[in-house]
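[1] coordinates for the following, if possible.
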Amino acid sequence: MSAPGGLKARSPDVSQLRDDWLAHALSTAPADRPAAEEAVALLYAATGRPPPRFVWVRSPGEAAKVLPPKEITRFTGDWQSAEAQIAALASDLRFRLRQSSEWKGQAHQVAEFLRLRIREGLVPAVKSTMPVSLGLSWSGQHDADWQAELDVHHRVLGARFSRHDLALLDVWETLTRSTGWWWPREDVCVMAERPVAVHVDADSLLHNDNGPAVTFADGSCAYAWHGSPLTLAATAPDPANPGFELKLYDLPERARLLTVVNGSVERDGTRRRYGLRVPRWFRDPIAAAAWTYGLGPDHYAQLLRRT
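    Below is the predicted model:
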C-alpha cells in the first residue's frame with residue numbers, strides 16, 4: 001500500500017481505482033486458494049488461534065452441506081467464538097481508519113457506487129442461492145465496497161494509517177482479491193469459489209434477461225433485473241421435461257421471467273438454463289411455458305421433447 005522508504009506514491013485516478021475494485025467484485029476467475037488460506041490464517045492468528053482446516057465448496061449454497069444452519073443473532077454469549085472475534089477485528093479496523101480523515105467526498109461517492117452494485121444486487125442474489133442461513137459469514141470479493149472507500153482515503157486523500165492497520169487492511173484486501181464467500185468457525189473455515197458467470201447491464205448493475213445473472217459451478221444461480229434480484233413468484237415440475245422445474249420470477253416492468261431448462265443436451269452433456277419473458281398475468285409456470293409454444297397447458301404437457 002505505501003511506497004518503499006516511506007515515500008508517498010503517486011495518487012491513483014479515483015475512477016480507475018473504483019473500476020479496479022468493481023472488477024474484483026464481478027470476477028469469475030478461480031479462487032487463489034493459497035493466498036486466501038494464508039489471509040484467513042493471519043486473521044485466526046490475530047485472535048490467538050492456530051490456522052483452521054480449510055474446506056472448499058463450489059458455491060455458497062453448497063456450504064450448507066458442510067455447515068449446520070445457524071441464525072445470525074446478537075448478545076448470545078458466544079462473543080468469544082472465532083467468527084465473532086474476526087468480525088470484531090474488521091469492525092474495530094474500520095472504526096479506527098474512519099477516524100483518520102473526513103468521511104465524505106470522493107471516498108463516499110466510490111463507496112456508494114459500489115454499494116449499489118454489490119450490497120443491493122450481488123449480495124442478495126448470492127443469498128438467494130443458499131437454502132438456509134449459515135450464520136455469520138464474510139463475502140470475500142463482495143466486501144469490495146468498504147475496502148475501496150478506505151483505499152481512496154489512504155491512496156488518494158492522503159489519510160495516514162498506522163503500519164499495523166495497513167497490514168490488517170491488506171489481509172482483508174487479499175481476501176477480496178482472491179476468493180468468494182467464507183465462513184470462519186473454531187477449527188474449520190469453509191470457503192466458496194467465485195461464480196463462474198456474472199452478467200451486468202451497461203451501468204454494471206446485475207442483470208440478464210436471457211437467463212441467470214449469477215451462476216456457480218454446482219449449477220446454483222440467481223436472476224436479477226437491472227440491479228434488483230428477482231422474486232420467485234411460482235414454481236412447478238416441467239411436464240414436458242421430467243426431472244426439471246419451471247420457475248416464474250417477477251420483473252419490475254409489468255412482466256414475468258419464466259426460467260426453463262433446455263430439453264436438449266448440450267455437447268458437453270449439460271442442459272442450458274435460460275429465461276423467457278412472459279406476460280405479467282401468468283401465475284402458473286406450466287401455462288406460461290405452454291404460451292411460449294402457442295399451446296394450451298394440456299397440449300404442452302403432452303410434448304415428448306422440447307428444444
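[2] helix, strand or coil for the nearest residue to residue 96 once chain neighbours are set aside?
    What sits nearest to residue 96 in space, not counting adjacent residues and going by CB to CB, 6 or more residues apart in numbering, is residue 165, at 6.0 Å. (C-beta placed from N, C-alpha, C; glycine too.) Residue 165 carries the three-state label helix when classified by DSSP: H, G, I helix; E, B strand; the rest coil.
[3] and residue 236, what element?
    When secondary structure is defined by DSSP states H and E, residue 236 falls within strand 231-237.
[4] ok, and what's touching the helix or strand of the chain at the bottom of the mean pLDDT ranking?
    Lowest mean confidence among the helices and strands of the chain (mean pLDDT, DSSP states H and E): helix 297-301, at a mean of 81. Residues from elsewhere that reach helix 297-301, judged by CB atoms under 8 Å, 6 or more residues apart in numbering: 239, 240, 284, 286, 287, 289, 290, 293.
[5] which positions in it come out as buried?
    Using 16 or more other CB atoms under 10 Å as the test for burial, helix 297-301 gives residue 300.
[6] for stretch 151-164, same thing?
    By neighbour count on 16+ other CB under 10 Å, the buried set for stretch 151-164 is 151, 152, 153, 154, 155, 156, 159, 161.
[7] likewise stretch 114-126?
    Result for stretch 114-126 [16+ other CB under 10 Å]: buried residues 114, 115, 117, 118, 121, 122, 123, 125, 126.
[8] which of the residues you listed sits closest to residue 231?
    residue 125 (11.6 Å; CB to CB).
[9] then the helix or strand hosting the closest one to PDB, C-alphas only?
    Residue 125 belongs to helix 123-128 when elements are defined using DSSP H and E. Taking C-alpha atoms only, helix 123-128 is exported to PDB below (Å, rounded to 0.1, in the frame of the first residue of the first chain):
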ATOM      1  CA  VAL A 123     -25.100  -9.900  -2.100                       C
ATOM      2  CA  PRO A 124     -28.900 -10.500  -2.100                       C
ATOM      3  CA  ALA A 125     -28.600 -12.500  -5.300                       C
ATOM      4  CA  VAL A 126     -26.000 -14.800  -3.700                       C
ATOM      5  CA  LYS A 127     -28.000 -15.200  -0.500                       C
ATOM      6  CA  SER A 128     -31.000 -16.300  -2.600                       C
END
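[10] rebuild the buried residues of stretch 151-164 as TSV, extending it with secondary structure, pLDDT and distance to residue 64.
    Shown next, in TSV, are the buried residues of stretch 151-164 (DSSP: H, G, I helix; E, B strand; the rest coil; pLDDT from 0 to 100; distance: CB to CB, whole Å):
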residue	secondary structure	pLDDT	distance to residue 64
151	helix	89	33
152	helix	88	36
153	helix	85	37
154	helix	84	37
155	helix	84	38
156	coil	83	40
159	coil	79	40
161	coil	87	37
